[in-house]
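Undergrad: need a structure here:
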Amino acid sequence: MAKIISQFLREQRRYTKAELASLFAYDDEGIERFIRNLKSYNVLKAVRNSNEQKAMSDLLETDVEAADDSAVSGTYLYVFTFVGVITYGNRILKIYPKYIRSTEAPLDELKQVLKVLEKYNHSEDVSIHMFSGVGETQNFNLLAVILFLLHDYYESGLYASPEEIIEVNGEGDILWQKTIDETFPIISRRRPYYVTMYTRKTVNDEDDFFRKLHQAVLTECSRRLQSAQLMDLFEMEPLRLTEERIEDFGEEDYILSRIFRELDVQFDTRKQILLKTMYAFITEKEKVFEAGLGISLYGTSAFNMVWEKACAQIFNNRLQMQLGDLRLVPKAEAEKYPASEKLIDIIEKPVWSSGGEAGYRKTAADTLIPDLVTFSEDKKTFVILDAKYYNLQMEREKPLRGQPGIESVTKQYLYQQAYKEFATACHISRFFNCFLLPTEEDKVINKGYVRMDMMKALGLNDIQVRMLPAKQVYACYLGNRRMSLDVLEMG
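TA: Purely as a prediction, here's the structure:
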């Protein structure tokens with residue numbers, strides 16, 4: 001097997017073609033193919049090589065070039081728009097979030113991020129990513145399948161085909177009808193006592209074809225993950241469940257036909273998913289094994305959504321809660337703000353009309369949707385938070401970079417305006433409006449605020465800026481714990 005080359009890369013850092021060729025030991029032809037293939041999966045973008053781009057920490061769509069892959073080396077810089085793990089043959093790309101700058105090999109941080117990605121996928125009901133890419137670039141995602149099979153085993157164990165066994169005087173449930181019909185009791189004081197009783201217990205057939213096949217598949221998955229040097233990253237122990245290999249169970253067509261027939265008679269949901277995944281693994285593995293692990297992705301090109309989800313959970317987002325459950329609305333305002341209405345429903349929707357009252361008049365379906373709305377513990381402060389996955393440069397003697405755009409700023413003001421009347425009706429006296437950005441530091445950093453005087457003149461608050469320690473945010477998210485609003489210094 002070819003030598004594994006495994007490298008850490010930072011999301012949205014600008015790399016030259018020469019740097020990538022050096023990191024992954026490619027010649028000119030190999031690096032061109034590497035770049036072209038990763039671009040086809042939309043995990044790598046090209047931007048013009050300029051001093052301005054080298055100083056950037058975030059990537060805008062307007063920066064992206066429809067680059068000519070045959071261009072002279074140095075014409076373009078290459079940017080990974082992905083967080084997670086990519087396997088490309090015997091090359092392993094471990095791409096960590098863009099806000100991590102203190103180290104170029106953040107193993108522990110990436111381990112935590114991968115756990116966060118796994119939980120996020122489960123919470124969003126994202127099914128197993130059996131294929132990656134789109135259209136003609138769609139490919140079997142071996143890495144995702146391997147991880148699914150291993151996680152399923154750790155959670156649910158081996159495939160089981162239970163059998164019922166009838167024993168004499170065993171420890172299982174007593175089969176009273178069979179005992180009465182087929183044994184003779186001892187009568188004492190007119191009561192029957194059965195010395196011999198039939199009992200029933202359920203056992204798993206250790207020699208079941210699919211159980212043993214499952215063992216072989218898991219052992220092969222573990223071996224592949226270990227050979228790719230990914231065991232430590234995913235915090236898994238090697239599995240050696242059997243000495244048998246998949247090919248020991250017969251020709252591929254025979255194995256697949258057995259799985260297909262088992263699917264016809266198996267109605268347990270977990271077993272159906274497991275059988276289908278093993279079917280896909282056996283069908284596709286030889287094709288991708290020819291090139292090591294082929295091209296597989298485990299992660300996301302939209303890590304901003306993960307950051308938003310984590311912040312929403314730890315700060316107890318109330319946006320979709322009904323007003324009756326919030327217990328904020330006084331009885332005098334109950335007609336205007338019905339208990340069945342949700343907090344999101346209070347935000348006004350645009351009305352399109354023409355020709356006066358008798359003309360066309362329709363209300364649009366969509367409106368402004370804040371990331372996160374909640375309340376202080378005493379319910380005297382209305383808290384509007386916007387989780388922004390940006391690398392903010394807001395320091396003296398340095399240019400302002402990586403800040404949320406004007407549309408984000410104006411929307412935060414509008415959210416306060418949208419809830420102003422409701423807050424007054426509920427006797428809420430204060431608003432706290434804030435951007436939440438990630439940092440690799442171990443404490444919350446108060447970066448100040450952003451202000452527009454024309455909004456201030458309307459009585460709207462400045463928008464605060466806080467950088468949250470990402471490791472603590474993820475630890476709370478993974479442990480289903482809340483983070484106190486006090487850390488935001490709302491005072």
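Undergrad: Just want the phi and psi numbers for Cys434.
TA: Main-chain dihedrals, Cys434, degrees, to the nearest 10: phi -150, psi 140.
Undergrad: Would you check that my belief about it contacting Lys388 is correct?
TA: No - applying C-beta atoms under 8 Å, one finds Cys434 not in contact with Lys388, separated by 10.1 Å. Any C-beta I mention is one placed from the backbone N, CA and C, and that applies to glycine too.
Undergrad: gap between the residue nearest to Ser102 when sequence neighbours are not counted and Glu109?
TA: Excluding its sequence neighbours, the residue lying closest to Ser102 (C-beta to C-beta, 6 or more residues apart in numbering) is Glu440, at 6.0 Å. Remark: distance between Glu440 and Glu109 (C-beta to C-beta, to the nearest Å) = 7 Å.
Undergrad: Report pLDDT for Glu124.
TA: Listed pLDDT for Glu124 reads 65.
Undergrad: thinking again about what came up before, can you list residues touching both of Cys434 and Lys388?
TA: Common contacts of Cys434 and Lys388 (C-beta atoms under 8 Å, 6 or more residues apart in numbering): none found.
Undergrad: For the residue lying closest to Ser353 once chain neighbours are set aside, which residues are in contact?
TA: Sequence neighbours aside, Arg361 is the residue nearest to Ser353 in space, at 4.1 Å (criterion: C-beta to C-beta, 6+ apart). Arg361 makes contact with 351-354 under the criterion C-beta under 8 Å, 6+ apart.
Undergrad: Compare the residues you listed and tell me which has the most neighbours.
TA: When neighbours are taken as other C-beta atoms under 10 Å, the top entry among these is Ser353 (11 neighbours).
Undergrad: hang on, the earlier thing: roughly how far does the residue nearest to Ser102 sit from Tyr474?
TA: 12 Å.
Undergrad: Show me which of these two is the more surrounded one.
TA: Between Glu440 and Tyr474, Tyr474 has the larger neighbour count (other C-beta under 10 Å), namely 21 against 17.
Undergrad: pLDDT at Gly491, what is it?
TA: 67.
Undergrad: same thing with Asp366?
TA: On the pLDDT scale, Asp366 is placed at 87.
Undergrad: and for Glu440 and Glu109, which residues touch both?
TA: Common neighbours of Glu440 and Glu109 (C-beta under 8 Å, 6+ apart) are 100, 471.
Undergrad: so what's the backbone phi/psi at the residue of the chain lying at maximal distance from its centre?
TA: Within the chain, Arg189 marks the point farthest from the mean C-alpha position, 68.5 Å out by C-alpha atoms, centre = their mean. Phi and psi for Arg189, reported as degrees, to the nearest 10, are phi 50, psi 40.
Undergrad: wait, what's in contact with it?
TA: Residues counted as contacts of Arg189 (C-beta under 8 Å, 6+ apart): none.
Undergrad: Just the pLDDT at it, thanks.
TA: We note a pLDDT of 81 for Arg189 in this prediction.
Undergrad: measure it to Met197 for me?
TA: As defined by C-beta to C-beta, Arg189 lies at a distance of 20 Å from Met197.
Undergrad: Next: Ser429.
TA: With C-beta to C-beta as the criterion, Ser429 and Met197 are 73 Å apart.
Undergrad: Same check on Asn169?
TA: The gap separating Asn169 from Met197 is 6 Å, by C-beta to C-beta.
Undergrad: same check, this time on Met455
TA: Distance, Met455 to Met197, using C-beta to C-beta: 82 Å.
Undergrad: What segments of this protein are helices?
TA: Along the chain, counting by DSSP state H, helices occupy 17-23, 28-40, 51-55, 107-123, 142-156, 176-182, 209-227, 252-265, 269-289, 303-314, 323-326, 406-425, 453-456, 470-478.
Undergrad: Quick check: pLDDT value at the closest residue to Ser222 other than its chain neighbours.
TA: Closest residue in space to Ser222, ignoring its immediate chain neighbours: Leu239 at 3.9 Å, by C-beta to C-beta, 6+ apart. With respect to pLDDT, Leu239 has a value of 94.
Undergrad: Now do the same contact list for Leu239.
TA: If you count contacts by C-beta under 8 Å, 6+ apart, Leu239 has them with 150, 153, 218-219, 221-222.
Undergrad: do that again at 7 Å, thanks
TA: With contact set as C-beta atoms under 7 Å, 6 or more residues apart in numbering, Leu239 has these partners: 218-219, 222.
Undergrad: Over to Lys379?
TA: When contacts are counted by C-beta under 7 Å, 6+ apart, Lys379 touches Leu328.
Undergrad: Quick check: which ranges of the stretch 351-491 of the chain have low pLDDT?
TA: For the stretch 351-491 of the chain, the stretches with pLDDT under 70 are 356-358, 491.
Undergrad: Okay, strands next: where are they in it?
TA: 351-353, 361-363, 372-375, 381-387, 430-439, 445-450, 463-469 (DSSP state E, counting those that start in this stretch).
Undergrad: tally of neighbours for the residue lying closest to Ala339 once chain neighbours are set aside?
TA: Leaving aside its sequence neighbours, Ala339 sits nearest to Gly324 (C-beta to C-beta, 6+ apart; 2.9 Å). Each residue near Gly324 was counted by other C-beta under 10 Å, and the total is 15.
Undergrad: Could you check the pLDDT of Gly324?
TA: So Gly324 comes in at 92 (pLDDT).
Undergrad: Likewise for the one 3 residues further on?
TA: If you check Arg327, the pLDDT there is 90.
Undergrad: how far away is it from Phe382?
TA: From Arg327 to Phe382 the distance is 15 Å (C-beta to C-beta).
Undergrad: again with Thr363
TA: Distance check for Thr363 against Phe382: by C-beta to C-beta, it reads 25 Å.
Undergrad: More neighbours: the two, which one.
TA: Using other C-beta under 10 Å as the criterion, Thr363 and Phe382 rank with Phe382 on top: 23 against 11.
Undergrad: Which strand residues bridge the more buried one?
TA: Assessed by DSSP bridges, Phe382 has beta-bridge partners Phe375, Phe431.
Undergrad: which ones are touching Phe315?
TA: Shown in contact with Phe315 (C-beta under 7 Å, 6+ apart): 372, 374, 385, 483, 485.
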